Every structure is written in structure tokens, then in C-alpha cells.
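Visitor: Dropping a prediction and its sequence here:
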Amino acid sequence: MSTYIVLLGAPGVGKGTQADILAQETGLVHISSGDLFREHINNKTELGALAASFMSKGELVPDDVTIAMVEERLSYSDCKKGALLDGFPRTPTQADALSVILNEKNASLSIVPYITASDEVLIERLSGRWTCRAPGHHTFHMIFSPPAKEGICDIDGSELYQRDDDTVETARKRLAVYKKQTSPLIAYYREQGKLVKIQGDQPIEGVTKELLSVLER
Ligand code: ADP
Ligand code: AMP
């Protein structure tokens, strides 16, 4: 049996941080649509150029190309056991498409942990985030989870950088986009009986503990 999990929540709430930890704990692969787009940007692909034009403004990349990209990633053999999806789906159209993609694999979503925190906390987290340039895209926070050596990833020694959409101004725009376009997914998954609320405004270990206890159920 496979286990597909969608981590739902606003930008900066800790989806990527928790997905990395849960991937180690469960052996499931962590798939972040934002990381996939950033890889396309690094590789200077056509999709990367298109995605960058939306990402730099804090807007969502169009559904059709986003769905196609995630569908392709989900076809890789490391997803046979399931996956931890982070940042996808972000619209009801994407959520419907995910359900069709999983159906074709005779699978379905197991659970949708919905991680919450106030806007103030989200802005503080996004504006202090440092991201690793290597393919693991590990993240740190200058106050809440600083690397041992400034500017260097603890895990693989790569350079850390601040994403250009992690400025306060673009972060606010991303939160507004989240409220308008993504928050309808809260009711969408609640109606399917899949939503489980997780308190995101606590230290990283506390959030992990809540998530693990929910996944064990
Ligand atoms: P998302 O993937 O939801 O956008 P991230 O996992 O990248 O969010 O987290 C955003 C920032 O907040 C990162 O710098 C991360 O280190 C930090 N962070 C994540 N979870 C917590 C937490 N529970 N407490 C404090 N800081 C956190
Ligand atoms: P993230 O890494 O999740 O913070 O996403 C960064 C940016 O990538 C977002 O602000 C969007 O521009 C784009 N993006 C990531 N995932 C999606 C998605 N599922 N749908 C549309 N755009 C996305």
C-alpha cells in the first residue's frame, strides 16, 4: 500500500522543514513544487523562465504547467511507496488533478495535515529564511534554526542564500495569494474527512511530534 500525504499551510509555516524530517522518519520522498520550479530556473529551461516570471511577483504559476510537472515527478519509481507533497496542490484545480493522478495509480491521499500560524509569525519566518543551493534545498532560519557556520549548510556544506521572493513585500503578496487561491483547499479536504489541524506556532520539534502522532494513527 502507498501513502500519499499533502502538507497544507501558508508559505513559511514550516511545510518544507517538516517534510524533510518526515521523509527521514518514514522513508517517503519529499516533493516540493517550489523546489522543482527552482531546479528548472537553475537549469535555465523554458518552464523555468515561465515559472520565474510568476514566482518573482509572488503569484502562482499557471495550473496546467504545474500539474504536468508534478505528475511527471510522481511517475518516478521513488514515488511508488507514496510521497510527501509540499506546496502542491495550491488551487482546487490542482487538487482535482492530484486526485485523478493518484486514482490512476490505484491510490488516494491518506491524510492532509494543515499546519497553522499567524501572519506575523509567517512573515518573520519567511524574511529570516536561508536556503541551501544544493539539490536538497535545506532551509535554516537566522534566529529560529541558525546553521552552525554562517552562510553554510550544516548538512552538505553548500552556500546558503536568501530567496528573492522572501522579502517582506513579496512574502505579504504570497500570503494574500495563499488566502485567495489556496485556502479553499482547507474546506475541500475537510469535506473529504482528510484534514487534520496542526499547531505550527511552536518549536520545530513540537510540530514534528504532532505530525508523527497523526501519521501513526
Ligand atoms: P514552508 O515550506 O512552509 O514555506 P519552511 O519549512 O521553509 O516553510 O520554513 C520557513 C522558515 O521558518 C525557515 O527558515 C525555517 O527554518 C523556519 N521554521 C520552520 N518551522 C519553524 C518552527 N516551528 N519554528 C521556528 N521556525 C521555523
Ligand atoms: P514555495 O517554494 O512553495 O514557497 O513556492 C515558491 C513559488 O513557486 C510560489 O510563490 C509560486 O510562484 C510557485 N509555486 C510553487 N508551487 C506552486 C503550485 N503548486 N502552483 C502554482 N505555483 C507554485
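Guide: Good, I have the coordinates. Ligands and ions are numbered 1, 2, ... in the order given.
Visitor: Name the residue closest to the centre of this protein, please.
Guide: Nearest residue to the geometric centre of the chain (Cα atoms, centre = their mean): Asp86, 2.7 Å.
Visitor: give the contact list for that residue.
Guide: Leu7, Lys15, Gly16, Ala19, His30, Ile31, Ser32, Ser33, Gly34 (Cβ atoms under 8 Å, 6 or more residues apart in numbering). C-betas here are computed from N, CA, C, even on glycine.
Visitor: Which residue would be the closest one in the chain to ligand 2?
Guide: Relative to ligand 2, the nearest point of the chain is Gly34 (1.8 Å; Cβ to the nearest ligand atom).
Visitor: Quick check: closest non-adjacent residue to that residue.
Guide: Gly87 (4.7 Å; Cβ to Cβ, 6 or more residues apart in numbering).
Visitor: ok, that neighbour - contacts?
Guide: Lys15, Gly16, Ser32, Ser33, Gly34.
Visitor: can you do 10 Å?
Guide: The contact partners of Gly87, taken as Cβ atoms under 10 Å, 6 or more residues apart in numbering, are 6-9, 11, 15-16, 19, 31-37, 66, 70, 182.
Visitor: What of Leu74?
Guide: Each residue near Leu74 by Cβ under 10 Å, 6+ apart is listed here: 4, 29, 31, 80, 82-83, 85, 88, 98, 101-102, 104-105, 107.
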